[in-house]
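**Q** Whatever this is, show me its structure:
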Amino acid sequence: MTVNPAIAQLVPDAQRWRRHLHAHPELLYDLDQTSAFVSERLREFGCDEVRTGIGRSGVVGVIKGRKGATGRTIGLRADMDALPIVETTNLPYRSTVPGRMHACGHDGHTAILLGTARYLAATRDFAGTAVVIFQPAEEGGGGAQAMIDDGLMDTFAIDEVYALHNAPKLPLGDISIRTGAAMASADFFVVKLEGKGGHAAFPHNCIDVVVAGAQIVTALQTIVSRSVDPLESGVVSVARFTAGNTDNILPQSAELEGTVRTLSPAVRDLVERRFREIVAGIAAASGVKFTIDYRRNYPVTVNPAKQAEFAAGVARDAVGADKVKTDEPPVMGAEDFSYMLEARPGAFVWLGNGDTAGLHHPEYDFNDAALPYGIAYFTRIVETALAP
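**A** This is a model prediction of the structure:
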């Protein structure tokens, strides 16, 4: 890729911003330092408006083009929160906060969008309005929905919205996008079982929650293998099974906790229905009482065909046609940008981070060499969508 000289000039600053954010990670909505840092930069860049406190700790910057008003507004989103992970990189800019680190690259996403805002505020080579959205609480907190609930889309009259996420193992600077379902929905469950505890030598006097729980764990795996169409996708994972504390006592209670991932609303409904039927059936057969806390979280991330094709074309222009992939399979991870795509059309893409540690790994680090690719893509989205 031949880097636009104006973008190349701001990359060293974007790297400095990124490393500052990496060293000072904050979680979910508690982003006092991060939000202040972002809003200060946006004001320095000369954004026409900077709003804070949207979705509790989100920040929004407004940049108007100097080529007239088209009545259209394009939103660009970056997430700002870190993860509760102990960093093991020993980098000079490693986390200064014990037990917290930017293990998903949100520091890089924020730096890319800051670089984009600086470029757009300086050039304004478009007709219409660009809105840069810095979102809290992507890591399980639903910050996108919180910003929408605070009027994000309507207050700023956003017509379309776009986002990117870095992808370890995808070649550096490559952009991957797919039409339709790109990432899965994420649902979570806790099943509590109540039986009758007692001496393990006399199980006939007990109601064994361990046996019932083990049957439930096994039976839940038949949902995807036997109830879901083989051409569809689904994941049911029990991640925690807690019961008892010694070797000769059958416990009174047990808990199962885990997650469900699907790529369509119909399969999502099917899996939940079968989940409830299986738990209830095995509990009844075992004489065990039960409760189910089944929580629907992020919906499927769906790229509409029109905006996905547009984003792919912009990516080819920004980073080179040979670096754009449109046939990658969907990912069973989840992303709360899905809420924004339910509110407005747009597209979500993956940006290659190169051969680095994986997301949510204690040795992960965002690859600063990806910064110019991300900035080039975001700026071209605005300039192309809002061409006079």
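**Q** contacting residues for the residue nearest the centre of the chain?
**A** For the chain, the residue sitting closest to the mean C-alpha position, by Cα atoms, centre = their mean, is E335 at 3.0 Å. Residues in contact with E335 (Cβ atoms under 8 Å, 6 or more residues apart in numbering) are E138, H165, M183, Y298, T301, F348. All C-beta spots, glycine's among them, are computed from the backbone N, C-alpha and C.
**Q** element containing the first one, please.
**A** Read that as E138. For E138, there is no helix or strand it lies in under DSSP states H and E.
**Q** got TSV for the contacts of E335, with distance to H22, neighbour count and pLDDT too?
**A** Below are those laid out as TSV (distance: Cβ to Cβ, whole Å; neighbours: other Cβ atoms under 10 Å; pLDDT from 0 to 100):
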residue	distance to H22	neighbour count	pLDDT
E138	16	25	98
H165	16	25	98
M183	24	26	97
Y298	25	23	96
T301	25	28	97
F348	23	25	98
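**Q** and the residue nearest to the centre of the chain, backbone torsions?
**A** phi -150, psi 130 (degrees, to the nearest 10).
**Q** and the gap between it and A184?
**A** Going from E335 to A184 by Cβ to Cβ, to the nearest Å gives 9 Å.
**Q** any common contacting residues for those two?
**A** Joint contacts of E335 and A184 (Cβ under 8 Å, 6+ apart) are T301.
**Q** sorry, back to before: which two among the contacts of E335 are spaced furthest apart?
**A** H165 and Y298 (13.3 Å; Cβ to Cβ).
**Q** Can you show me the helices along the stretch 251-388 of the chain?
**A** With helices called from DSSP state H, counting those that start in this stretch, the stretch 251-388 of the chain shows them at 265-286, 305-319, 337-343, 371-385.
**Q** buried sites along the shortest one?
**A** When burial is assessed from 16 or more other Cβ atoms under 10 Å, helix 337-343 yields the following buried residues: F337, S338, Y339, M340, L341, A343.
**Q** ok, now the first one?
**A** When neighbours are counted by 16+ other Cβ under 10 Å, the buried residues of helix 265-286 are found to be V267, R268, L270, V271, E272, R274, F275, I278, V279, I282, A283, S286.
**Q** and which of those residues is nearest to V161?
**A** Using Cβ to Cβ, the buried residues of helix 265-286 come closest to V161 at R268, 22.9 Å.
**Q** Verify the stated contact: that closest one with S185.
**A** Yes - with contact defined as Cβ atoms under 8 Å, R268 counts as touching S185 (5.4 Å).
**Q** Give me the common contacts of those two.
**A** Common neighbours of R268 and S185 (Cβ under 8 Å, 6+ apart) are V260, T262, R296, V300.
**Q** who's the residue nearest to the third one when sequence neighbours are not counted bridged to?
**A** On the basis of Cβ to Cβ, 6 or more residues apart in numbering, the spatially nearest residue to R296 that is not a chain neighbour turns out to be D187, at 5.0 Å. Under the criterion DSSP bridges, D187 forms beta bridges with V260, R296.
**Q** What separation is there between D187 and E26?
**A** 27 Å.
**Q** Over to G65?
**A** 33 Å.
**Q** Sheet partners, orientation included, of the strand or helix carrying A167?
**A** Here A167 sits within strand 160-168, counting by DSSP H and E. Neighbouring strands of strand 160-168 in its sheet, by DSSP bridges, are strand 73-79 (parallel), strand 346-354 (parallel).
**Q** Please render those strands as CSV that adds distance to A121 to the earlier fields.
**A** Shown next, in CSV, are the strands paired with strand 160-168 (distance: least, Cβ to Cβ, whole Å):
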stretch, distance to A121
strand 73-79, 13
strand 346-354, 21
